[in-house]
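**Student:** Here you go, sequence then predicted model.
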Amino acid sequence: MSKGTAGLALALAAVLALGVQVEDLAVAPGPRSSVPDAAPAARADWIALSRKLAAPWPDIQLPSGRMPDPLREGDPGRYGDGMIGLALLQTGTRDRNRRLVRAGLRAVSYETRSLTVHYNTYPFRVWAVAAAYGVARRRLGHRSRAGEAMRRWAHWLQRQPSSWLWGPAYQNKVLAGALAVLEAQRTGLRSPIAGSVLGSAARARAVGLVNQTIPSMAGGSSAYVLSDPGPGPIAYHALSYAMYARAVRLLGRDASWRARRTLTRLARASWLSMAPDGSVAYWGRSQGQSWTLSAAAYGLAATARERGSPARSDRKYHALAARALRRLRAYGVGPRGGNIIPALGQDRRGGVRALDHYAHGPEYAGLALVFLNWAIPLLPADRAGGRIGADGPLEALLSGGSGRFATVRGGSVWFAARERASNLRYDFGPAAVQRLERGGWRDVIPYRPNDGNGYDSAGPVLRSAGDRGLPVGYATRVTRDGRVVVRGGFRWRSWLRKGVSFVIQPTSCGVEVAVYGRAGDRYEFSAFFRGNARPAIGERRARSGAQVAAFNLPIRSSSVARGYHSASDAWLTRGRFVVEARRDQWVSMELC
């Protein structure tokens, strides 16, 4: 094993010492790494990116004003016409680009073609139309075409309910409902209809959510991941953070001090969770999607502008925002718009298969551009660089329940690891691993594939009497030397074994996943290799290109399956490897 039996023995002692783990956050002390600051960027760079993202959409638009999904031909979107329409109005009015303005007006008008909207997505529709109304009123009110469109939008907004806002439990759509109310009431419109988004009851509910409910959820933690309940997909922290920051700005002086303090706690979570290359959505649903990057950037830029924010924090937040936007810029733009995930820039067919079923081009390209356009005026005008949390020694444990995960920077390796497995994108162990090479960061492993939601894991999976027990932790600690030590067990419908010790730790070339097994135990590990080539499999290792999966024990059996797809890689090949513990000992796989 890469760090030796003695190191794992120390880790085992740490695991055995674990009790019930509450949210634990720490940044390791010690000297800064020698990693150079990322290349500086200025506001002009992000304006240029905004123009590139907006440019393809007038050519995609149909004569009716509808924005068809260029990724899923014939598949209707959910709120894409309004969201991309808002984005084009933002960009077009800023740049005095009449073509973008006309396309934006027509798209938003198409969004309001029916007074009845789908309940599941209505808050995003209302938010988009209301914000578009505000842009048109401030910047286009003197134009007859804009005035005609605004009258239509006003009639539509006055008849929209505020139903999602009254949800019994928090999720991102409840916050979207609050933002829809605040954007709608900013228009100055009024409605005689009880329960509409323009009513006083809706505003009171929205203000209470922002000023009281969400700050109470954050509690006393110094860093808080605001995501949906359950497994807490990390992408939805970026979305919720951006929506919350926008809501606080819309409230202005009506925003409570608790709401402003909560913004800094959300920023702190972003500081601890962002990958060195700016990634913020490396596991769970909406994995790797472009809007997560501009959403994080907007939330951070808005937090830096809040009253009383110290200059040091401003620089820190701006550095995080710039890192996320550089990542967004690297996604690229094609004739079908900006790539929602990197895989779309590699191969369209494989990339579309890697997308979540609910992901559509107009709505998610629109979200990415809306958040970017909101962020731009809040970011520094001059070229400014800066370091982020992952640029130095880091050990952090974030979130809670089934969404708990750790981030570690040790030497030239950074990784994020989850505590529990349920399916491949919500898996136990390392979800993202990056290594510093020649001044840049390389993804050591691909993002986990989006292939079904079946109960599955890359391991270690306990194979016992025909059952396959997936690894599940219930107590986790991050040690000072960068080991993630987990106390847990194996489940398949019910517990097969408890009291099991796991360790995830950085190595010189990547990351190692280890389990302390019993004599005769068989464990299945999976490695995902880029492309469709079959890996070369030896006695204790498998290799494909630059990727290696190495084991401390001989491989007893293996199998290979092609045709997997992830946000980072359009095509993946899965290798499954079974190893057997000869005695009570550590069993491990190292990924490089």
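**Tutor:** Perfect, thanks for sending it. Numbering: from 1, shown residues only.

**Student:** So what does Val461 have for phi and psi?
**Tutor:** Backbone torsions of Val461, given as degrees, to the nearest 10, read phi -100, psi 130.

**Student:** show me what contacts it?
**Tutor:** 468-471, 490, 523-525 (Cβ atoms under 8 Å, 6 or more residues apart in numbering). C-beta: built from backbone N, CA, C; applies to glycine.

**Student:** any chance of the residues you listed in JSON lines, plus neighbour count, secondary structure and pLDDT?
**Tutor:** Below are those laid out as JSON lines (neighbours: other Cβ atoms under 10 Å; DSSP: H, G, I helix; E, B strand; the rest coil; pLDDT from 0 to 100):
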{"residue": "Arg468", "neighbour count": "17", "secondary structure": "strand", "pLDDT": "89"}
{"residue": "Gly469", "neighbour count": "23", "secondary structure": "strand", "pLDDT": "93"}
{"residue": "Leu470", "neighbour count": "23", "secondary structure": "strand", "pLDDT": "94"}
{"residue": "Pro471", "neighbour count": "27", "secondary structure": "strand", "pLDDT": "96"}
{"residue": "Phe490", "neighbour count": "25", "secondary structure": "strand", "pLDDT": "96"}
{"residue": "Tyr523", "neighbour count": "26", "secondary structure": "strand", "pLDDT": "97"}
{"residue": "Glu524", "neighbour count": "20", "secondary structure": "strand", "pLDDT": "97"}
{"residue": "Phe525", "neighbour count": "26", "secondary structure": "strand", "pLDDT": "97"}
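
**Student:** so where is the stretch 351-500 of the chain shaky, pLDDT-wise?
**Tutor:** Within the stretch 351-500 of the chain, the stretches with pLDDT under 70 are 384-385, 452-453.

**Student:** And the helices in it?
**Tutor:** Shown for the stretch 351-500 of the chain, the helices assigned by DSSP state H, counting those that start in this stretch span residues 361-375.

**Student:** list the buried ones in stretch 367-386?
**Tutor:** For stretch 367-386, a neighbour-count test (16 or more other Cβ atoms under 10 Å) marks 367-376, 378-380, 384, 386 as buried.

**Student:** Which single one of those residues is nearest to Ala247?
**Tutor:** Trp374 (12.1 Å; Cβ to Cβ).

**Student:** coming back round to it: ok, of the contacts of Val461, which one's closest to Ser557?
**Tutor:** Lowest distance from Ser557 to the contacts of Val461 (Cβ to Cβ) belongs to Glu524, with 9.0 Å.

**Student:** I figured the closest one hits Arg574, correct?
**Tutor:** No. Contact criterion Cβ atoms under 8 Å: Glu524 and Arg574 do not qualify, at 11.4 Å.

**Student:** Distance-wise, check Leu293 relative to Arg463.
**Tutor:** Noted for Leu293: a distance of 39 Å to Arg463, by Cβ to Cβ, to the nearest Å.

**Student:** Arg448 now?
**Tutor:** 21 Å.

**Student:** neighbour count winner among these two?
**Tutor:** The neighbour count for Arg448 versus Arg463, taken as other Cβ atoms under 10 Å, is higher for Arg448 (30 against 17).

**Student:** Pick the one among the buried residues of stretch 367-386 closest to Met150.
**Tutor:** Val370 (18.7 Å).

**Student:** can I get the contacts of Val461 in a markdown table with distance to Asn172?
**Tutor:** A markdown table is the format used below for the contacts of Val461 (distance: Cβ to Cβ, whole Å):
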| residue | distance to Asn172 |
| --- | --- |
| Arg468 | 33 |
| Gly469 | 32 |
| Leu470 | 27 |
| Pro471 | 28 |
| Phe490 | 32 |
| Tyr523 | 37 |
| Glu524 | 35 |
| Phe525 | 34 |
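
**Student:** Tell me the one of these nearest Tyr426?
**Tutor:** Leu470 (10.6 Å).

**Student:** how about the CA coordinates for stretch 347-363, as PDB?
**Tutor:** Extracted as PDB, the C-alpha positions of stretch 347-363 are listed here (Å, rounded to 0.1, in the frame of the first residue of the first chain):
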ATOM      1  CA  ASP A 347     -19.000  14.100 -28.400                       C
ATOM      2  CA  ARG A 348     -22.600  15.200 -28.700                       C
ATOM      3  CA  ARG A 349     -24.200  11.800 -28.600                       C
ATOM      4  CA  GLY A 350     -22.300  10.600 -25.600                       C
ATOM      5  CA  GLY A 351     -22.600  14.100 -24.000                       C
ATOM      6  CA  VAL A 352     -26.400  14.100 -24.300                       C
ATOM      7  CA  ARG A 353     -26.600  10.600 -22.700                       C
ATOM      8  CA  ALA A 354     -24.500  12.000 -19.800                       C
ATOM      9  CA  LEU A 355     -27.100  14.800 -19.100                       C
ATOM     10  CA  ASP A 356     -29.800  14.500 -16.500                       C
ATOM     11  CA  HIS A 357     -33.100  13.700 -18.200                       C
ATOM     12  CA  TYR A 358     -34.500  17.100 -17.100                       C
ATOM     13  CA  ALA A 359     -31.600  19.200 -18.500                       C
ATOM     14  CA  HIS A 360     -32.500  21.200 -21.600                       C
ATOM     15  CA  GLY A 361     -30.400  23.600 -23.600                       C
ATOM     16  CA  PRO A 362     -32.400  26.900 -23.400                       C
ATOM     17  CA  GLU A 363     -33.200  26.800 -19.700                       C
END
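
**Student:** who's in contact with it?
**Tutor:** By Cβ under 8 Å, 6+ apart, stretch 347-363 touches 57, 67-72, 75, 77-81, 83-84, 124, 285-287, 289, 336-337, 339-341, 343-345, 449-450, 565-567, 569-571.

**Student:** please redo it, this time with the cut-off set to 7 Å
**Tutor:** Residues from elsewhere that reach stretch 347-363, judged by Cβ atoms under 7 Å, 6 or more residues apart in numbering: 67, 69-72, 75, 77-81, 83-84, 285-286, 289, 336-337, 340-341, 343-344, 450, 565-567, 570-571.

**Student:** buried residues in it?
**Tutor:** The neighbour-count check on stretch 347-363 (16+ other Cβ under 10 Å) flags 348, 350-356, 359-363 as buried.

**Student:** cool, and stretch 580-590?
**Tutor:** Here stretch 580-590 shows 580-581, 585-590 as buried, counting by 16+ other Cβ under 10 Å.

**Student:** Equivalent analysis for stretch 146-159, please.
**Tutor:** Neighbour counts over stretch 146-159 (16+ other Cβ under 10 Å) mark 146, 149-150, 153-154, 156-158 as buried.

**Student:** Ok, stretch 541-560 next?
**Tutor:** Neighbour-count burial for stretch 541-560 flags 541-544, 547-553, 555, 560 (criterion: 16+ other Cβ under 10 Å).

**Student:** try stretch 298-308
**Tutor:** 298-304, 306.

**Student:** Equivalent analysis for stretch 57-70, please.
**Tutor:** Buried residues in stretch 57-70, defined by neighbour count with 16+ other Cβ under 10 Å: 57-58, 60-61, 65-70.
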